[in-house]
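Visitor: I need the structure of the sequence given here:
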Amino acid sequence: MHYTSFKLRPKHFLSFTGLKVEEFDRLVLDIHNDWVEQRLNRLENNNPNRLRKIGGGRKQILDTLEDQLLLTLLWTKLYSSYLLLEYLFGVDESTAFRIIQKTLLLPQDRFVFQDPRKSGRKKITTLEELRKLIPDLDDILMDATEQPIPRPEKKRKRVKYHSGKKKRFTLKTQIATTKQGFILHLSRASPGRQHDYKVFKASILPKIIPKGSRLYGDSGYQGIQKDFPELHSVIPFKRTRSHKKLTRSEKIQNTKQRKIRVRVEHAFSRLKKYRVLSETYRHSLRNYDTTFRFVANIVNFRMLQRVQAA
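Guide: Got it, this is the predicted structure:
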């Protein structure tokens, strides 16, 4: 399987990668320079005594960025085994693994706005310019999601990763999005036993939220208004021992809040269409954050293409 032949079937291409052919081509243009720089660093810096000129020697079967990116996207979308990739692309399992590990690093948060006040690698220098692209930056939605992992061998890890909510061993990741669904922030993966609010306090999200922005969370973020009074946080009213029944006004406010906050669930849905984030994660946990960030960049990239085309 090669890009030049596979792109002739656009419906299959979209189903296998999550991107249209023209979106894929645009992504290749955006990351091509980083791919070239990555190859040069591997060939020159890792081997300072190299005698052979770059480009010499036996050619790789998948020697273009298009083919390597296609393999990586197919792996994330279908979460296929390396053995299946060997048969599809005509390369060894170990080669498929190396290609994926290198390609996952290429977006480098290019399309995920880690700090809304800074540009990162995008040509956006001020919050006002970012607001032109994302008009609803004043409302930020946050929530955490869990993904199953295999049962750890050591008992200590089993206790650490067991989620009382999911009744499974999981990893937890918190995201922050706009109402449109653009992902602004990703936390590092935490053991499933940790509470959502604890993940929030350990992340840099409280420090990078623009002043004046409303931060929407679910009832798992109880205590945020007390611990972070400088934030304009909006969480649902919750029944307590001293407040056993919600008033009609509180119920109406909860309904309005849910209608806004549900859009972060839609963002999770877009992420989990890539089965590498929805099925049991079978690979090393050290690479989980890199994989999650790659998929988040792809999801944001496609949404940016749609906004610019509208």
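
Visitor: how about the helices in the stretch 151-300 of the chain?
Guide: For the stretch 151-300 of the chain, the helices defined by DSSP state H, counting those that start in this stretch occupy 155-161, 196-202, 205-208, 224-227, 248-272, 288-309.

Visitor: and the ones you listed: which comes nearest residue 38?
Guide: Closest approach to residue 38 among these (Cβ to Cβ): helix 288-309, 14.0 Å. Backbone N, C-alpha and C define where each C-beta goes, glycine included.

Visitor: got the angle for the closest one vs helix 248-272?
Guide: 100 degrees (axes from the mean of the first three to the mean of the last three Cα atoms, to 10 degrees).

Visitor: helices or strands up against helix 288-309?
Guide: helix 21-40, helix 65-78, strand 168-178, strand 183-186, helix 248-272 (3 or more Cβ pairs under 8 Å, 6 or more residues apart in numbering; DSSP states H and E).

Visitor: tabulate those (TSV), appending distance to residue 49.
Guide: Formatted as TSV, these follow (distance: least, Cβ to Cβ, whole Å):
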stretch	distance to residue 49
helix 21-40	16
helix 65-78	27
strand 168-178	41
strand 183-186	39
helix 248-272	44
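
Visitor: wait, which of these is closest to residue 223?
Guide: Comparing these by Cβ to Cβ, strand 168-178 comes nearest, at 15.5 Å.

Visitor: contacting residues for the closest residue to residue 183 other than its chain neighbours?
Guide: Leaving aside its sequence neighbours, residue 183 sits nearest to residue 296 (Cβ to Cβ, 6 or more residues apart in numbering; 5.0 Å). Counting by Cβ atoms under 8 Å, 6 or more residues apart in numbering, residue 296 touches 111, 112, 175, 183, 186, 271.

Visitor: burial measure for the residue nearest to residue 169 when sequence neighbours are not counted, as a count.
Guide: Once flanking residues are discounted, residue 169 sits nearest to residue 161: 4.5 Å by Cβ to Cβ, 6+ apart. Using other Cβ atoms under 10 Å, the number of residues around residue 161 comes to 23.

Visitor: what's the answer for residue 79, then?
Guide: The number of residues packed around residue 79, counting by other Cβ under 10 Å, is 17.

Visitor: residue 243 versus that one, what's the distance?
Guide: Between residue 79 and residue 243 the computed distance is 45 Å (Cβ to Cβ, to the nearest Å).

Visitor: swap in residue 69?
Guide: From residue 69 over to residue 243 (counting by Cβ to Cβ), the distance is 54 Å.

Visitor: and for residue 199?
Guide: Distance, residue 199 to residue 243, using Cβ to Cβ: 26 Å.

Visitor: now do residue 209
Guide: Counting by Cβ to Cβ, the gap from residue 209 to residue 243 is 28 Å.

Visitor: ok, these two, which is more surrounded?
Guide: Each of residue 209 and residue 243 has its neighbours counted (other Cβ under 10 Å); residue 209 has more, 24 against 11.

Visitor: thought residue 228 was touching the more buried one, still the case?
Guide: No: taking contacts as Cβ atoms under 8 Å, residue 209 lies outside contact range of residue 228: 9.3 Å.

Visitor: spatially nearest residue to residue 1 (excluding sequence neighbours)?
Guide: Spatial nearest neighbour of residue 1, chain neighbours left out: residue 88 (4.9 Å); criterion: Cβ to Cβ, 6+ apart.

Visitor: list the contacts of the strand or helix carrying residue 94.
Guide: For residue 94, the host element (DSSP states H and E) is helix 93-103. Outside helix 93-103, the residues that touch it by Cβ under 8 Å, 6+ apart are 38, 60-62, 68-69, 71-72, 75, 82-83, 85-86, 89, 91, 287, 294.

Visitor: now list the buried members of the residues you listed.
Guide: 38, 62, 68, 69, 71, 72, 75, 82, 85, 89, 91, 294 (16 or more other Cβ atoms under 10 Å).

Visitor: can you get me a residue count around the nearest residue to the first one once chain neighbours are set aside?
Guide: In this case it means residue 38. Excluding the flanking residues, the one nearest residue 38 by Cβ to Cβ, 6+ apart is residue 102, at 6.5 Å. Neighbourhood size, residue 102 [other Cβ under 10 Å]: 15.

Visitor: and residue 102, how far from residue 306?
Guide: 28 Å.

Visitor: which residue packs closest to residue 146, ignoring adjacent ones?
Guide: Distances taken as Cβ to Cβ, 6+ apart place residue 170 nearest to residue 146, at 4.0 Å, with adjacent residues excluded.

Visitor: from residue 164, how far off is that neighbour?
Guide: For residue 170, the distance to residue 164 - Cβ to Cβ - is 10 Å.

Visitor: out of the two, which sits in the busier spot?
Guide: Between residue 170 and residue 164, counted using other Cβ under 10 Å, the more crowded position is residue 170 (23 against 9).
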